[in-house]
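Engineer: predicted model and sequence follow; I will ask about them next.
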There are 2 protein chains.
Amino acid sequence: MKQYNQCNERIIAELKRTVGEKNVITAKDLLIPYSQDEVTDERYHHLPEAAVFPQNREQVAEVVKLANKENIPVTPRGAGTGLAAGAVPLYGGIVLSLEKMNRILEVNHEHLYMIVEPGVRTQDVQKAAADAGLLYAGDPSSGDNCLIGGNIATNAGGNKAVKYGTTRQQVYAIEVVTPTGEITELGGLLNKSTSGYSLEQLIIGSEGTLGIITQATIKLVPLKQYKLDLLAVFSDAEAAIATVYKLIKAGVDPTSLEYMDNEAINVCARYLKEAYPYQQAGNYLIITIETDTQEELDTKAGRIDEICNANGAVAVLVPDAKKIWAARRAFGDANREECYIHSPEDMVVPVRQLPGAMKQFMQICRNHQAVGRVVAHAGDGNVHLTIMQGDIAAEDWPVRIDEIVNDLLAFTYSIGGRMSGEHGVGSKRKKWMHKFADPIQLKMMQAIKAALDPNGILNPGTIFDLE
Amino acid sequence: MKQYNQCNERIIAELKRTVGEKNVITAKDLLIPYSQDEVTDERYHHLPEAAVFPQNREQVAEVVKLANKENIPVTPRGAGTGLAAGAVPLYGGIVLSLEKMNRILEVNHEHLYMIVEPGVRTQDVQKAAADAGLLYAGDPSSGDNCLIGGNIATNAGGNKAVKYGTTRQQVYAIEVVTPTGEITELGGLLNKSTSGYSLEQLIIGSEGTLGIITQATIKLVPLKQYKLDLLAVFSDAEAAIATVYKLIKAGVDPTSLEYMDNEAINVCARYLKEAYPYQQAGNYLIITIETDTQEELDTKAGRIDEICNANGAVAVLVPDAKKIWAARRAFGDANREECYIHSPEDMVVPVRQLPGAMKQFMQICRNHQAVGRVVAHAGDGNVHLTIMQGDIAAEDWPVRIDEIVNDLLAFTYSIGGRMSGEHGVGSKRKKWMHKFADPIQLKMMQAIKAALDPNGILNPGTIFDLE
């Protein structure tokens, strides 16, 4: 295991010279927020020795160069809304927060792109696009808190990925500071290119291990003029899930196709102090369609109604969209408030295998006498199964949750799925990468990491252990 | 410069044991076709010492392992229709042709994917999809000759990329033999994943330098029911090009948006022995639209007619689609037949910069007293400018063409473009990579190559020189 040096006073002084005195934190109480993301399990918390807040690319590069020279790990961080402990400084050292690089530099509504710094809230990106009559199609449920740089680093998915793809598909170019402190812009305002390796595609989703994103040029798309949210309620959870693929196949082309099971609806209702339709025994599909014409909207809505009814829906209704989406987005916070000890999992499976997979996931929970609640980006086969503490004693939790997750992932990989659709591996799921990922691929990843980050400075211990 | 060993008799015998006697060629006259692709410039031809034709992944892996052990370079090859000398064995050694791994293994019309071996012709992939009532959206102009493996290795674009994206977007998973001879499947039948580095995205478009594709799972999409090809003719080439972005912005969402200049139309007409509308002075935009309803088709066709007429079209007509597309596809072959000494270039620029870029490209040709002919995947900003020998003496050609391309690329990079939209860098454009690519990125690519191919065995000298 690689050993790092401590941030001593000389290095702290150097950091202060680089980013300014007020942009360096070293007091332990102020560092606590930078010791964790939203993972509540203390095995995945670790204090840094310093947190720094650079204000431009040059400062980021200087910090990284210093870290290489002094053998100090650097953990880049967005808003800390991650669910995989990917922004946790496992080996101490420096947390490099991008939160002060938070300007929208250009919204180009003529040519459909936006240039942003990494610390812009995703919500503000969405709003700036909407103000220009356009759509930024990235839409993670944590959108009102998370930062666009973190979205790119984790290849965030979200509620519109079923139509528009994940963050990977929303990016023209990223400027990065490399693990050795060089500044370079990868990609371009181009529709295509075969002019060398696609480095931007490699770095998107690499969770801050191969580069620190200091600027991004992202795609905007024309807003559709007609939009409708539908809520299909099923008393049978399996029937709801079985309907997902039928909707996809019917060519309804939904912008969103989300699932909430009854447990999920109820925890969100309690958290938001709201009542929801069929709350006692319903399971939801939330289906959004957007079209260019009213006629197309009507046609698709009719088709959805028909398919859901034919597959056992209790009701298909036009809900209070704001209220329904508030519940969907509140799922993470609601679970966290209700019970600090819990584990949000994020498996992704082939969409056509979703019904069988969901049944098996719930069976695994029952096998372990565990309480699972589910929301899912169902149209993408991405299942957010949150395991609650339930009757498990706090001291037993680390062992018990690992047993449960082991079974969930063993099954997931057996059907061609992966451990994370969008949350990432982080340091939380690293042990599962070492267990379940193809060892050939793991070695390739480790070799790439060692090639681009020879000193192992950038976010070490995230995704996998260094070779 | 790395030195390799020769394929001596012992190694040839080992190759024959591995893939079978009849699947190894060593006679010089039989090897000549494997010394080049469609690049006619002899600087980019080189004879291998052997060509092998494995029939399965295990044989591919064995050959690569042997090559590592014996320090012999391996150059993977599809149909040899490349335009960048990416499948040319620059250092001799073994050409590994995938042409005998040519089975379609599964067409799944229920779940919209196809599993293919790399040696299937792209045309046959398209046909198998169409036979199942579906579309494979990759559509390079060389489709009737090229192989799907080569399309993936070069991230081929083609005539439908403006709507469906390049080959990168058509791939769920690729099985590869790594540069050290391991077999692994990258990606999966998943809509999303953040479970480690996106190795499949790295390897797609890496031109056979990071892995040999031995199988691919590709996406199929539902066929649109209504389709129309329109031909907009402009007497002014600049007016034609200026109309491209207006069509994109109008939300017409074309499946194809191709440009042919008058020189291009005429060379294709001569080659095909056909007459074409407005052949004497016309420049073409070929616009294809596909929709779910007749009404939408009519609306979009009306909009296209309106925009083209408002921007100076001489005529907007419904052409003999087969005949027009035959011309567009014949461009490469027609130039080659007319004059063996020529150079097809493949710059890509931001679409909005296409009018200025095209003017500048033609000016550079005039500056060098060179004859340039243009077709373009205009909707993607991808310009196929072919420089013909014209009055240049054969012995002057190597120097003169390099001067011309140097100027074309200096300008292209100055506006954020890249040297290749889809043909790739190959060994033909390698020197320009070393000159025009960001040196930081070039170093990153070289480091990745060295990490995954420590012996520098796989297609060395393609894209860049080994470090």
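Structural biologist: Looks like it arrived, so ask away.

Engineer: mind listing what residue A:448 touches?
Structural biologist: By C-beta atoms under 8 Å, 6 or more residues apart in numbering or on different chains, the contact set of residue A:448 is A:202, A:210, B:197, B:202, B:448, B:451, B:452. Where C-beta positions appear, they are placed from N, C-alpha and C, glycine not excepted.

Engineer: list just the nearest of these to residue B:136.
Structural biologist: residue B:202 (22.9 Å; C-beta to C-beta).

Engineer: now the closest one. Nearest residue, chain neighbours left out?
Structural biologist: Using C-beta to C-beta, 6 or more residues apart in numbering or on different chains and skipping residues adjacent in sequence, the residue nearest residue B:202 is residue A:202, 4.8 Å away.

Engineer: OK, contacts around the one you found?
Structural biologist: Applying C-beta under 8 Å, 6+ apart, we find residue A:202 in contact with A:210, A:448, B:197, B:198, B:201, B:202, B:448.

Engineer: try residue A:56
Structural biologist: A:101, A:214.

Engineer: do I have it right that residue A:240 meets residue A:281?
Structural biologist: No - between residue A:240 and residue A:281 there is no contact under C-beta atoms under 8 Å: 11.9 Å.

Engineer: now do the shared contacts for these two.
Structural biologist: In contact with both residue A:240 and residue A:281: no residue, using C-beta under 8 Å, 6+ apart.

Engineer: which one of the two is surrounded by more residues?
Structural biologist: Applying other C-beta atoms under 10 Å in any protein chain shown to residue A:240 and residue A:281 shows that residue A:240 carries more neighbours, namely 29 against 12.

Engineer: before we move on, which element is the more buried one in?
Structural biologist: Using DSSP states H and E, residue A:240 sits in helix A:237-249.

Engineer: and for residue A:300?
Structural biologist: Using DSSP H and E, residue A:300 falls in helix A:294-310.

Engineer: that helix to helix A:237-249, inter-axis angle?
Structural biologist: 150 degrees (axes from the mean of the first three to the mean of the last three C-alpha atoms, to 10 degrees).

Engineer: for helix A:294-310, give me every contacting residue.
Structural biologist: The contact list for helix A:294-310 (C-beta under 8 Å, 6+ apart) reads A:226-228, A:230, A:232, A:234, A:243, A:246-247, A:250, A:252-253, A:285, A:287, A:289, A:291, A:316, B:293, B:295-296.

Engineer: counting contacts, what elements does the helix or strand just after that helix pack onto?
Structural biologist: Downstream of helix A:294-310, the next assigned helix or strand under DSSP H and E is strand A:313-317. For strand A:313-317, the packing partners by 3 or more C-beta pairs under 8 Å, 6 or more residues apart in numbering or on different chains; DSSP states H and E come out as strand A:226-234, helix A:237-249, helix A:294-310.

Engineer: got CSV for those, with mean pLDDT too?
Structural biologist: Shown next, in CSV, are the helices and strands packed on strand A:313-317 (pLDDT from 0 to 100):
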stretch, mean pLDDT
strand A:226-234, 98
helix A:237-249, 94
helix A:294-310, 96
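
Engineer: residue ranges of the strands in the stretch 1-150 of chain A, please?
Structural biologist: Here the stretch 1-150 of chain A has its strands, by DSSP state E, counting those that start in this stretch, at A:24-25, A:50-52, A:74-77, A:94-97, A:104-108, A:113-116, A:134-135.

Engineer: Three-state assignment for residue A:184, please.
Structural biologist: strand (DSSP: H, G, I helix; E, B strand; the rest coil).

Engineer: report pLDDT for the residue nearest to it when sequence neighbours are not counted.
Structural biologist: Counting by C-beta to C-beta, 6+ apart, residue A:184 lies nearest to residue B:440, which is 4.2 Å off, once chain neighbours are set aside. At residue B:440, the model reports a pLDDT of 98.

Engineer: for residue A:92, same thing?
Structural biologist: At residue A:92, pLDDT is 97.

Engineer: state the number of residues packed around it.
Structural biologist: Number of residues near residue A:92 (other C-beta under 10 Å) recorded here: 19.

Engineer: go ahead and confirm it touches residue A:4.
Structural biologist: Yes - between residue A:92 and residue A:4 there is a contact at 7.1 Å, judged by C-beta under 8 Å.

Engineer: how many residues are close by the spatially closest residue to residue A:204 that is not a sequence neighbour?
Structural biologist: If the residues on either side of it in the chain are set aside, residue A:204 comes closest to residue A:168, at 5.0 Å by C-beta to C-beta, 6+ apart. Other residues within reach of residue A:168, judged by other C-beta under 10 Å, total 20.

Engineer: for the one 5 residues further on, same thing?
Structural biologist: The local packing of residue A:173 (other C-beta under 10 Å) involves 19 other residues.

Engineer: give me the neighbour count for residue A:144.
Structural biologist: Number of residues near residue A:144 (other C-beta under 10 Å) recorded here: 13.

Engineer: separation between it and residue A:134?
Structural biologist: Relative to residue A:134, residue A:144 is positioned 19 Å away (C-beta to C-beta, to the nearest Å).

Engineer: what's the closest of the helices and strands packed on strand A:313-317 to residue B:162?
Structural biologist: Proximity to residue B:162 (C-beta to C-beta) singles out helix A:294-310 among the helices and strands packed on strand A:313-317, at 21.9 Å.

Engineer: between the closest one and strand A:226-234, how many degrees?
Structural biologist: Using the same axes, to 10 degrees: helix A:294-310 against strand A:226-234 is 0 degrees.

Engineer: in helix A:294-310, what counts as buried?
Structural biologist: Counting neighbours by 16 or more other C-beta atoms under 10 Å in any protein chain shown, one finds that the buried residues in helix A:294-310 are A:296, A:297, A:299, A:300, A:301, A:304, A:305, A:307, A:308.

Engineer: can you list contacts of stretch A:320-334?
Structural biologist: Outside stretch A:320-334, the residues touching it (C-beta under 8 Å, 6+ apart) are A:38, A:83, A:141-144, A:159, A:229, A:231, A:258, A:260, A:264-265, A:267-272, A:274, A:276, A:284, A:286, A:344, A:373, A:375, A:384, A:386.

Engineer: ok now that stretch, how far from the chain's centre?
Structural biologist: 17 Å (C-alpha atoms, centre = their mean, to the nearest Å).

Engineer: give me the buried positions along that stretch.
Structural biologist: In stretch A:320-334, counting by 16+ other C-beta under 10 Å, buried: A:324, A:325, A:327, A:328, A:329, A:330, A:331, A:332, A:333, A:334.

Engineer: what's the second one sitting at in phi/psi?
Structural biologist: To tie it back to what came earlier, the one meant is residue A:325. phi -70, psi -30 (degrees, to the nearest 10).
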